[in-house]
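1. Generate coordinates for the sequence data below:
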Amino acid sequence: MTAPAPSAVPPPDPPFEEPPAKSGGLRFPSALTILAIVTLAVWVLAFVIPSGAYDRNDKGAPVEGTYHRVDNGQSFTDRLGDLFLSPVNGLYGVQDAKSGRVGPTMAGELYGSAGVFLFVLAIGAFITVVFRTGALDRGIGLLAHRLRERGALLIAGVMTVFSVLGTVEGFAEETLGFYGLIVPLMLALGYDRLVATGTIIVGAGIGVLCSTVNPFATGVASSAAGISLGDGIVLRFVMWAVLTAVSILYVVRYGRRVQRDPSKSLTGFLPGDLDHREAAAPSADAGDEPRSAPEGASPAGPADQPPELTRTHRLVLALLALVFAFMIFSVVPWSSALTGRADATPYGWELGWSFPQLAALFLVAAVLVGVAARLGEAALSSTIIQGAADFISPALVIVLARGVTVIMNNAQITDTVLHSIEGVVKGAPSTLFAVIVFVVNLPLAFLIPSTSGHATLAMPILAPLADFAGVSRAVVVTAWQAASGWMNLWVPTTAVTIGGVALAKVGYNKYLRFVAPLLAILFILVCAFVAAGAALT
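-> Numbering: from 1, shown residues only. Next comes the predicted model:
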């Protein structure tokens, strides 16, 4: 954005500059710190909680009513070794087929999350290469420009794009780069900054809440639950379509109210926001006369000059859509989805891919995008490395969370925890059980803000409970991710929310007041969907 025209009054600070972080005071610990504390706490509790086990069926699922106490035979040295090696076991620990213990030198099946770990790094490399080309930024910018005189369509278009990206790849923190574009456009159309904030945060957040194949939510949770990424995708897709539409209508309704009467704005306006603003008619989304730029933006800003979308950008966007479409095709159990039978024989053309194949897919796709964009060997290599490095934090969170389950497994207390909850869910209607899973995970989502870490930690407990309640594990995954997504729409511990309101210069309390009614609506809808999903399984 160019500087505003000089005037007698010194120009105000640019509205989209992120304020410096405040020093001192309390700060919520990172996900890695939380999981380190959880690891130590679980290790200590394992000395108190008695060891026990269920009998297993031929699929390895616990059989209801068969719990019994066992002697795990671990010495203090063994337990100390489990604590010391928990991150290692969380990555590539192997489960012994006879004893069931997990360790790096055992012989058996992989228990650690090495496949998910590599997949996270691979998709991080792919996404970073795509952003390096500038195609995604330009594409969204062009959409915003073309709809700049149609306010409702602009809100719907941007929210839909962000929601699609959220549901397929967890698009969240990336939205922070769009405030400098979306805020001035919304202000020029007669909206306030809350409309821009809601468009961005709620748009992407709804997609993540209703993740269909999001690898960081649905993918990690499905892996931990022992089911395919495509299981339950029909329910999640319908839920995504309905909740996205409701959220768009909610933001559009508030925006039109502000257009009619600026005094209805919950956040008010900064100096310059209302300059030359037309008294918008109730049915109008944009006026006939040009509006002046908001504070910090010039008349030659992004609303007047469309971003250039080159042939290379179009090719990259086409590759992006093709890769995610192919990923969806590769993981969906089409025979079950089309016949409605979980035990249906897979079609010959079904791929049934999992994390190893998907990791390879995104690594190859990252190279293809880089070649198509002519990044060059040096730039492409450094971008892939940088992308993997940027995603090492969520990958490590998954490893640490898996390490916690290894400690519980080796101490044989996981089944004891299941048994303590079995009495609660036993005899409960399946619909009520699904709602309970959603509600119980709300505080857990606050305590463990990392979606992937929350999934890896909670799903080994929740998935067997679904078997006891006679509910599909896919419904539990849907209820869990909905709880995580619902919390992340408003909790101040996420960079997406607190960073977004700071960039838009909207008070956090004002944002809460704006989003609270929508949160209540979403809560009711989620409960209805997971209950219906449980009833139909």
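2. drop to CA atoms for contacts and neighbour counts, all remaining ones
-> Noted.
3. List the contacts of the closest residue to residue 446 other than its chain neighbours.
-> Counting by CA to CA, 6 or more residues apart in numbering, residue 487 is the residue found nearest to residue 446 once chain neighbours are left out, at 6.8 Å. By CA atoms under 8 Å, 6 or more residues apart in numbering, the contact list for residue 487 reads 442, 445, 446.
4. elements contacting the helix or strand encompassing residue 235?
-> Under the criterion of DSSP states H and E, residue 235 resides in helix 233-260. Helices and strands touching helix 233-260, by 3 or more CA pairs under 8 Å, 6 or more residues apart in numbering; DSSP states H and E, are helix 151-169, helix 193-209, helix 508-536.
5. Can you say which of the ones you listed is packed in most?
-> Highest mean neighbour count of those: helix 193-209, a mean of 29 (counted as mean count of other CA atoms under 10 Å).
6. what's the following helix or strand after that one?
-> Past helix 193-209, the next helix or strand by DSSP H and E is helix 220-225.
7. Any buried residues in that next one, and which?
-> By neighbour count on 16 or more other CA atoms under 10 Å, the buried set for helix 220-225 is 220, 221, 222, 223, 224, 225.
8. What mean pLDDT does it get?
-> Averaged over helix 220-225, pLDDT sits at 85.
9. What of stretch 456-473?
-> Mean predicted confidence for stretch 456-473 is 84.
10. List the buried residues in that stretch.
-> Judged by neighbour count (16+ other CA under 10 Å), stretch 456-473 contains these buried residues: 456-466, 468-473.
11. Run through the residues that contact the closest residue to residue 352 other than its chain neighbours.
-> Once flanking residues are discounted, residue 352 sits nearest to residue 331: 5.2 Å by CA to CA, 6+ apart. By CA under 8 Å, 6+ apart, residue 331 lies in contact with 228, 229, 230, 351, 352, 353, 354.
12. repeat that with 10 Å
-> 213, 228-231, 233, 350-355, 357-358 (CA atoms under 10 Å, 6 or more residues apart in numbering).
13. Can you turn the buried part of these into a PyMOL selection?
-> A single PyMOL command selects the buried members of these (16+ other CA under 10 Å):
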select buried, resi 213+228+229+230+231+233+352+353+354+355+357+358
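14. And the contacts of residue 331, which two are furthest apart?
-> Across these, the longest distance by CA to CA is 19.2 Å; it joins 233 and 357.
15. Now do the phi/psi pair for residue 489.
-> Residue 489 adopts backbone torsions of phi -80, psi -20, taken as degrees, to the nearest 10.
16. I figured it hits residue 201, correct?
-> Yes - counting by CA atoms under 10 Å, residue 489 does reach residue 201; the two are 7.1 Å apart.
17. quick one: contacts for residue 354?
-> So residue 354 contacts 115, 116, 119, 219, 223, 228, 229, 230, 327, 330, 331 (CA under 10 Å, 6+ apart).
18. Next: residue 459.
-> Here residue 459 is in contact with 220-226, 405, 465, 473, 476-477, 480 (criterion: CA under 10 Å, 6+ apart).
19. Many thanks, we can stop here.
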